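S.K.: What would the 3D arrangement of this be:
(one chain, ligands or ions: 3)
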Amino acid sequence: MPSVSDESFRNLRLRHPRHFEFESVREVPDSHAWPDLHDHPSVEPSGPDSVPVVDLASPDAVPRVGRACEEWGVFQVTGHGVPSDLLDRLESQTRRLFSLPTHQKLKAARSPGNISGYGLAPISSFFSKLMWSEGFTIAGSPLEHARKLWRPEDSGEFCDVIEEYKEVMKELAGRLLHLMLLSLGLTEEDISWAGPVRETGDLPAVLQLNSYPACPEPDRAIGLAAHTDSSLLTVLYQSSTSGLQVLRPDPARWVTVPPLPGALVVNVGDLSHILSNGQFWSVLHRAVVNRTRHRLSAAYICGPPAHVKVSPVDKLVGPSEGPAYRAVTWPEYLGLKRKLFNKALASIKISKEEWEGRSN
Ligand SMILES: C=C1C[C@]23C[C@@]1(O)CC[C@H]2[C@@]12CCC[C@@](C)(C(=O)O1)[C@H]2[C@@H]3C(=O)O
Ligand SMILES: O=C(O)CCC(=O)C(=O)O
Ligand SMILES: [Fe+2]
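M.R.: Numbering: from 1, shown residues only. Ligands and ions are numbered 1, 2, ... in the order given. This next block holds a predicted model:
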């Protein structure tokens, strides 16, 4: 994919309006037409091309989670205990948010240097073409955003649902992380910050709401370009329209992750890849768009407490091989991602020669 410098991105922004009315166009304009979308074939899920589904209530949840994280870097969970009416209310409030007129949504636009707010996906700055989507990032309380969008009497329901969803996700993300660590044969003593986090249930997180309007020429546009998540793990709710695809190797192909009623998708993030010394795989994924259906998703992106240095756990590092990655905090890693995008992980890789040089 073409990548652009800050300067040419500023020019791009000047050439193309920052926000455009997706619903009003009959064809994909040049600003949103991506040249290399069909570098690999897209395949529908079937047989070995089906993303694993793990029932968290089953007795073999730990090995299944472990296998999915190693072999796929993504899985769907059922038996998670998240009430289906909460998922319905989240979807309907997300729909209500994105249905607001553009000028209204822009009142809560993400300002430069900020994580939170309405706008293009932060990774947009790496591409010369625009994506067929809008996003809303909520870090912290939803109230500061809601009061820019609605009158006080109209914002309560949005805030209540987001707060409730974040509480439930915090608990689920903690549980999933615990299962992932157990599957690696780790206990809380092996990771100094994991014990306190389990007690307080306090994994910091960001909630990313995504909207992918119907697109008249879905083969020419992309909803969200291929990326890995800069998290420990991401729990994704997707509405009933499919769009999420993950890259599988040998031969390279994009496999669809179908929306299963009541299931949630879990992506292994880059920080779990680091922590597991590369045993878990942070999956490259993207969102494609649909000709007739508007799609929504909500990604609960969680990482370790800000001060924690994440590094390969000693127990997982073979005596002769050394750690494969340098230690980073979550904020440091997000900074690398903002600068280097999909090369962030490679930028902290320790080569074998470097390790041998250091240990001699
Ligand atoms: C904490 C973060 C992860 C994220 C960048 C962000 O600062 C807030 C939004 C996140 C998101 C969601 C859509 C895809 C993604 C790559 C992006 O552009 O913004 C992720 C970022 C990430 O995981 O690196
Ligand atoms: O909408 C989707 O299916 C993917 C969203 C995603 O990858 C993200 O928000 O990081
Ligand atoms: Fe993602």
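S.K.: Kindly state the pLDDT recorded for the nearest residue to residue 197 once chain neighbours are set aside?
M.R.: Among residues not flanking residue 197 along the chain, residue 203 sits closest, at 5.8 Å (C-beta to C-beta, 6 or more residues apart in numbering). Heads up, the C-betas are built off the backbone N, CA and C, glycines and all. With respect to pLDDT, residue 203 has a value of 85.
S.K.: Now for residue 203: which residues touch it?
M.R.: Neighbouring residues of residue 203 by C-beta atoms under 8 Å, 6 or more residues apart in numbering: 170, 173, 174, 177, 197, 232, 302, 303, 304, 305.
S.K.: Quick check: it is in a helix.
M.R.: No. Counting by DSSP: H, G, I helix; E, B strand; the rest coil, residue 203 falls outside a helix, being coil.
S.K.: looking at it, residue 174 is touching residue 197, isn't it?
M.R.: Yes. Using C-beta atoms under 8 Å, residue 174 is in contact with residue 197, at 6.8 Å.
S.K.: residues from the chain in reach of ligand 2?
M.R.: Within the chain, the residues that sit near ligand 2 (C-beta under 6 Å from any ligand atom) are 208, 210, 224, 229, 236, 238, 243, 244, 285, 287, 297, 299.
S.K.: What is the most widely separated pair among those residues?
M.R.: Greatest spacing in these, by C-beta to C-beta: 229 and 243 (16.0 Å).
S.K.: Low-confidence bits of this structure, can you list those?
M.R.: Applying pLDDT under 70 to the chain flags residues 1-19, 198-199, 201, 358-360.
S.K.: which helix in it runs the most residues?
M.R.: helix 152-183 (DSSP state H).
S.K.: What is it packed up against?
M.R.: Contact analysis of helix 152-183 by 3 or more C-beta pairs under 8 Å, 6 or more residues apart in numbering; DSSP states H and E lists helix 61-71, helix 84-98, helix 143-149, helix 194-200, strand 205-212, strand 233-238, strand 264-268, strand 295-302 as its packing neighbours.
S.K.: buried stuff in that helix?
M.R.: 155, 158-159, 161-162, 165-166, 168-170, 172-183 (16 or more other C-beta atoms under 10 Å).
S.K.: Check the burial of the one residue in the stretch 251-360 of the chain that gets nearest to ligand 1 by counting its neighbours.
M.R.: Per C-beta to the nearest ligand atom, residue 337 is where the stretch 251-360 of the chain lies closest to ligand 1, at 4.6 Å. Neighbourhood size, residue 337 [other C-beta atoms under 10 Å]: 21.
S.K.: what sits up against the helix or strand hosting it?
M.R.: Assigned by DSSP states H and E, residue 337 falls within helix 330-340. For helix 330-340, the surrounding residues in contact (C-beta under 8 Å, 6+ apart) are 122, 204, 230, 270-271, 303-306, 308, 310, 328, 344, 347-348.
S.K.: Apart from its chain neighbours, what residue comes closest to residue 185?
M.R.: Using C-beta to C-beta, 6+ apart, the closest residue to residue 185 is residue 315 (7.1 Å).
S.K.: and the one you found, what are its phi and psi?
M.R.: For residue 315, the backbone dihedrals (degrees, to the nearest 10) come out as phi -60, psi -20.
S.K.: got a list of what the closest residue to residue 132 other than its chain neighbours touches?
M.R.: Leaving aside its chain neighbours, residue 132 sits nearest to residue 221 (4.1 Å; criterion: C-beta to C-beta, 6+ apart). Residue 221 makes contacts with 28, 32, 33, 34, 131, 132, 215, 289, as judged by C-beta under 8 Å, 6+ apart.
S.K.: Could you rerun that using 6 Å?
M.R.: Residue 221 sits next to 28, 32, 132, 215, 289 when contact means C-beta atoms under 6 Å, 6 or more residues apart in numbering.
S.K.: can I get those in JSON lines with secondary structure and distance to residue 91?
M.R.: Below are these laid out as JSON lines (DSSP: H, G, I helix; E, B strand; the rest coil; distance: C-beta to C-beta, whole Å):
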{"residue": "28", "secondary structure": "coil", "distance to residue 91": "26"}
{"residue": "32", "secondary structure": "helix", "distance to residue 91": "25"}
{"residue": "132", "secondary structure": "coil", "distance to residue 91": "19"}
{"residue": "215", "secondary structure": "coil", "distance to residue 91": "20"}
{"residue": "289", "secondary structure": "coil", "distance to residue 91": "18"}
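S.K.: From the residues you listed, pick the one nearest ligand 2.
M.R.: Using C-beta to the nearest ligand atom, the contacts of residue 221 come closest to ligand 2 at residue 289, 10.1 Å.
S.K.: distance of the nearest residue to that closest one once chain neighbours are set aside from residue 131?
M.R.: Distance criterion C-beta to C-beta, 6+ apart; nearest residue to residue 289, sequence neighbours excluded, is residue 215 at 4.1 Å. Distance of residue 215 to residue 131, computed by C-beta to C-beta, to the nearest Å: 11 Å.
S.K.: between the two, who's got more neighbours?
M.R.: Neighbour count, other C-beta under 10 Å: between residue 215 and residue 131, residue 215 has more, with 26 against 23.
S.K.: quick one: that one and residue 132 touch, right?
M.R.: Yes. Between residue 215 and residue 132 there is a contact at 5.1 Å, judged by C-beta atoms under 6 Å.
S.K.: what's the overlap in contacts for the two?
M.R.: With C-beta under 6 Å, 6+ apart as the test, residue 215 and residue 132 both reach 221, 289.
S.K.: among the contacts of helix 330-340, which ones are buried?
M.R.: Counted by 16+ other C-beta under 10 Å, the contacts of helix 330-340 give 122, 204, 230, 270, 271, 303, 304, 308, 310, 328, 344, 348 as buried.
S.K.: Okay then, goodbye and thanks.
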